[in-house]
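S.K.: my questions concern the predicted model and sequence given below.
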Amino acid sequence: MKRYKAAVLGGSGYGGGEMIRRLLLHPEVELCRVCSVDYIGEPLSAAHPNLEGLPAARGLVFEQLTPAEAARGMDVVLLGLPHRVSAQQVPSLLDEGVRVVDLSGDFRLRDAAAYAAAYGGEHPAPALLGSFVYGLPEQHRERIRTARRVASPGCFATTVELALLPLARAGLLRGAEVQVVGITGSSGSGVVPTPATHHPTRSVNLRTYKPLSHQHVPEILQLLEDAGGAPQLRFVPVSAPLSRGLFATCFVSLPAALLSPASIDEMYRAAYADEPFVRVPERRLPEVAAVAGSNYAEVGVQVGEVEGGRRTVVCFAALDNLIKGGAGQGIQNMNLMLGLPETLTLEDPGGWP
């Protein structure tokens, strides 16, 4: 018998499928219910062919339940729902007293005005803003352990935050200007096809979208401010011909007197030395193929020569947008909330290439 019971709401999407896969393998948490507005009554493999014939998935079908019905008897509910839909479901889940891990952007921000500006509308449950712990374990691990509700970060946000977090903790980003280019795979746009994910154009193309106005910028600034000081951040996202993967390159100019290449390198290695899912490669810089299919992120840094009393520091990070950038981090947060080893079902390294 497993110790805990879990339900997934929004289980037919890519993020939901990754949470389902990890939960079916979990030694301590039993997946009891999967809810969706699609595929009702059908087996999980109807939406996720990789689960076809998996013994652990037998008997599980997509159900259409109210949030209260889905949460009843559960220890934790994980939400893979769209923005704004999630906020409409959460109050009923909280009434049931269940732990909640939300993968949407609905509860990452503490400020209602910031949410309205980022997501284009008023928050459906503004009284709950600020009541969720922001689920980046590398910064908020101890708070997550005692939390009843966690908002997992966005994929771009996780990548940029991990790239910049050591500098923020050292107080080097306060008032600085940071330029970021983030490149993402098509699965980050969700399971419903769009012009941005249509294969004939995506597979041969690079194009930007939401330059300087992406909705993840406010949560990045909020996290960096909590860590030691937020910069002025200019972020340009780029869609790439990848299914999975996300790569961020961050440029910041800092006074040369405050740092040396060796001290910056040591800062990054020390920051992540004890982190189970963030590594600083020894002989190379981060790359997507090394982390795709896994919950691992890679972080690296390059320091330029002194010019006019300043150095350009370039920070890099790579991860799988569906796993460490989404569902895997949600499972990592769930493990922490339940008092379990946070690495359970997440230690597989993915393949190469």
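M.R.: Yes, it's here. Computed from a predicted model, the values in this text were never measured in an experiment. Residues are numbered from 1 along each chain as shown.

S.K.: now do the strands in the stretch 201-350 of the chain.
M.R.: 207-208, 232-239, 246-255, 278-279, 297-303, 310-319 (DSSP state E, counting those that start in this stretch).

S.K.: which stretches of this protein form helices?
M.R.: Taking DSSP state H as the criterion, the chain carries its helices at 14-24, 67-71, 85-95, 112-119, 137-145, 155-169, 199-202, 217-227, 261-272, 327-337.

S.K.: ok so, going back, can you add mean neighbour count, distance to Leu172 and mean pLDDT and give the strands of the stretch 201-350 of the chain back as a markdown table?
M.R.: The C-beta positions use only the backbone N, C-alpha and C, and glycine is treated the same way. Converted to a markdown table, the strands of the stretch 201-350 of the chain look like this (neighbours: other CB atoms under 10 Å; distance: least, CB to CB, whole Å; pLDDT from 0 to 100):
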| stretch | mean neighbour count | distance to Leu172 | mean pLDDT |
| --- | --- | --- | --- |
| strand 207-208 | 12 | 28 | 96 |
| strand 232-239 | 18 | 14 | 98 |
| strand 246-255 | 20 | 6 | 97 |
| strand 278-279 | 20 | 19 | 98 |
| strand 297-303 | 22 | 12 | 97 |
| strand 310-319 | 22 | 8 | 97 |
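
S.K.: so for Pro341, which of those strands sits nearest?
M.R.: strand 278-279 (16.5 Å; CB to CB).

S.K.: before we move on, the earlier item: could you redo the helices of the chain as JSON lines and give each row distance to Val299, mean neighbour count and mean pLDDT?
M.R.: Converted to JSON lines, the helices of the chain look like this (distance: least, CB to CB, whole Å; neighbours: other CB atoms under 10 Å; pLDDT from 0 to 100):
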{"stretch": "helix 14-24", "distance to Val299": "22", "mean neighbour count": "25", "mean pLDDT": "97"}
{"stretch": "helix 67-71", "distance to Val299": "36", "mean neighbour count": "20", "mean pLDDT": "96"}
{"stretch": "helix 85-95", "distance to Val299": "29", "mean neighbour count": "19", "mean pLDDT": "96"}
{"stretch": "helix 112-119", "distance to Val299": "25", "mean neighbour count": "17", "mean pLDDT": "96"}
{"stretch": "helix 137-145", "distance to Val299": "10", "mean neighbour count": "18", "mean pLDDT": "98"}
{"stretch": "helix 155-169", "distance to Val299": "5", "mean neighbour count": "27", "mean pLDDT": "98"}
{"stretch": "helix 199-202", "distance to Val299": "27", "mean neighbour count": "13", "mean pLDDT": "91"}
{"stretch": "helix 217-227", "distance to Val299": "14", "mean neighbour count": "22", "mean pLDDT": "98"}
{"stretch": "helix 261-272", "distance to Val299": "6", "mean neighbour count": "15", "mean pLDDT": "96"}
{"stretch": "helix 327-337", "distance to Val299": "15", "mean neighbour count": "27", "mean pLDDT": "98"}
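
S.K.: out of the ones you listed, the one nearest Ala57 is which?
M.R.: helix 14-24 (5.9 Å).

S.K.: and for Gly325, the neighbour number?
M.R.: Neighbour count for Gly325, taken as other CB atoms under 10 Å: 30.

S.K.: could you find the closest non-adjacent residue to it?
M.R.: Counting by CB to CB, 6 or more residues apart in numbering, Gly325 lies nearest to Cys155, which is 3.0 Å off, once chain neighbours are set aside.

S.K.: I figured that neighbour hits Gly185, correct?
M.R.: No: with contact defined as CB atoms under 8 Å, Cys155 does not count as touching Gly185 (9.2 Å).

S.K.: what touches both of these two?
M.R.: 246, 321 (CB atoms under 8 Å, 6 or more residues apart in numbering).

S.K.: residues contacting Tyr39?
M.R.: 12, 46-47, 62.

S.K.: per-residue confidence at it?
M.R.: You'll see Tyr39 listed with a pLDDT of 97.

S.K.: I'd say Phe156 and Pro237 touch.
M.R.: Yes: between Phe156 and Pro237 a contact is recorded at 6.3 Å, counting by CB under 8 Å.

S.K.: any shared contact partners between the two?
M.R.: Applying CB under 8 Å, 6+ apart, one finds that Phe156 and Pro237 are jointly contacted by 182, 184, 214.

S.K.: from the residues you listed, pick the one nearest Arg269.
M.R.: For those, the nearest to Arg269 is Gly182 (23.3 Å; CB to CB).

S.K.: OK, contacts around the residue nearest to that closest one when sequence neighbours are not counted?
M.R.: In this structure, Gly182 finds its nearest non-sequential neighbour in Ala248, 4.5 Å apart by CB to CB, 6+ apart. Residues counted as contacts of Ala248 (CB under 8 Å, 6+ apart) are 156, 159-160, 163, 180-183, 315-318.

S.K.: nearest to Glu30, of those?
M.R.: Taking CB to CB as the measure, Glu30 lies nearest Thr159 of those, at 31.6 Å.

S.K.: tell me how far that closest one lies from Val288.
M.R.: Using CB to CB, to the nearest Å, Thr159 is found at 11 Å from Val288.

S.K.: thanks again, I'm all set now.
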